[in-house]
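coordinates for the following, if possible.
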Amino acid sequence: MQIIPIRDLKDTNAISQKCHESAEPVFITKNGYGDMVIMSMETYQRTMARTELYRLLSEGKADIDAGRAADGETAMQEILEGIRHVPLQDH
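Predicted coordinates for the structure are as follows:
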């Protein structure tokens, strides 16, 4: 983890390099307190993808807990039953 004072933001090339080299956010302080976070686009995209994955996993867990999910074998049987009842169309 890198922490730098806000006055160091004047050297934007150095900040950019730090963000890309560390692949982690760079924390900016102002008067000794946390003020901002800067990160590369790659780190941002990876963070957002991870956040979305956690959200989807949480939704799935809630569905399981509420009984709105089936195991793989049961789900496959339901899909196959649905396919068997679909009339074939002549072309």
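
other residues contacting the worst-scoring helix or strand of the chain on mean pLDDT?
For the chain, counting by mean pLDDT, DSSP states H and E, helix 72-84 ranks last in confidence among helices and strands (a mean of 86). The set of residues external to helix 72-84 that reach it, using CB atoms under 8 Å, 6 or more residues apart in numbering, is Ala70. For the C-beta atoms, the positions are set from N, CA and C on the backbone; glycine is no exception.

make it 10 Å
69-71 (CB atoms under 10 Å, 6 or more residues apart in numbering).

name the nearest residue to Glu42, sequence neighbours excluded.
Spatial nearest neighbour of Glu42, excluding adjacent residues (CB to CB, 6 or more residues apart in numbering): Ala23 at 7.0 Å.

what sits against the one you found?
39-40, 42-43, 46.

go through those residues and flag which are in helices.
Among the contacts of Ala23, the ones falling in helices (DSSP state H) are 42-43, 46.

now Ala23. Its backbone dihedrals?
Dihedral pair for Ala23: phi 60, psi 20, per degrees, to the nearest 10.

coming back round to it: which among the contacts of helix 72-84 gets closest to Ala14?
The closest of the contacts of helix 72-84 to Ala14 turns out to be Ala69 (CB to CB; 49.6 Å).
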